[in-house]
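> Sharing a model prediction with you, sequence too.
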Amino acid sequence: MPKITVLPHEHLCPQGRVIDATTGTSVCDTLLKNGIEIEHACEKVAACTTCHVIVREGLESLDEAAEKEEDMLDKAWGLEPNSRLSCQAIVRDADLTLEIPKYTINMVSEGKH
């Protein structure tokens with residue numbers, strides 16, 4: 001069973017955590033199932049950037065990002081070459097190490113004033 005190491009995040013996971021992941025499940029769903037309340041404003045359809053994560057280890061085990069995900073990632077705060085939307089990144093057989101960025105841009109609510 002692959003493991004996901006979540007690096008410390010001031011609000012969502014202050015101590016960091018290592019959690020078991022199920023192959024074929026999204027990183028976002030895995031985090032939520034384990035009590036790490038990552039934002040997911042668009043209900044996990046790649047229409048916002050609130051679930052943005054930076055994959056520090058194991059990126060090569062994930063499928064390549066689809067064009068829709070890449071387009072949304074261009075709008076993410078703190079974008080890095082190894083950034084992914086956790087709702088679109090599907091866990092395979094390899095372990096992952098993730099960093100949740102300190103800030104997020106809520107593309108859903110910010111466009112509805």
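Done, it's in.

> only C-alpha atoms for contact and neighbour calcs from this point on.
Will do.

> hang on, residue 25 packs against residue 91?
Yes: Residue 25 lies in contact with residue 91 (CA atoms under 8 Å); the separation is 5.6 Å.

> neighbour count winner among these two?
Neighbours were counted for residue 25 and for residue 91 using other CA atoms under 10 Å; residue 91 has more, 25 against 15.

> Now do the SS call for the nearest residue to residue 69 once chain neighbours are set aside.
Leaving aside its chain neighbours, residue 69 sits nearest to residue 46 (5.9 Å; criterion: CA to CA, 6 or more residues apart in numbering). Per DSSP: H, G, I helix; E, B strand; the rest coil, the local secondary structure of residue 46 is coil.

> Now for residue 46: which residues touch it?
If a contact means CA atoms under 8 Å, 6 or more residues apart in numbering, then residue 46 has 68-69, 72, 85, 87-88 as its contacts.

> Next, format these as TSV and append secondary structure and pLDDT.
As requested, these are exported to TSV (DSSP: H, G, I helix; E, B strand; the rest coil; pLDDT from 0 to 100):
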residue	secondary structure	pLDDT
68	helix	95
69	helix	96
72	helix	94
85	strand	97
87	coil	97
88	coil	97
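
> most neighbours, which of these?
Among the contacts of residue 46, residue 85 has the most neighbours (other CA under 10 Å), with 29 neighbours.

> rewinding a little: list phi and psi for the residue nearest to residue 69.
Per-residue torsions, residue 46: phi 60, psi 40 (degrees, to the nearest 10).

> Any buried residues in stretch 88-105, and which?
Residues 88-92, 94-101, 104-105 are the ones in stretch 88-105 that count as buried (16 or more other CA atoms under 10 Å).
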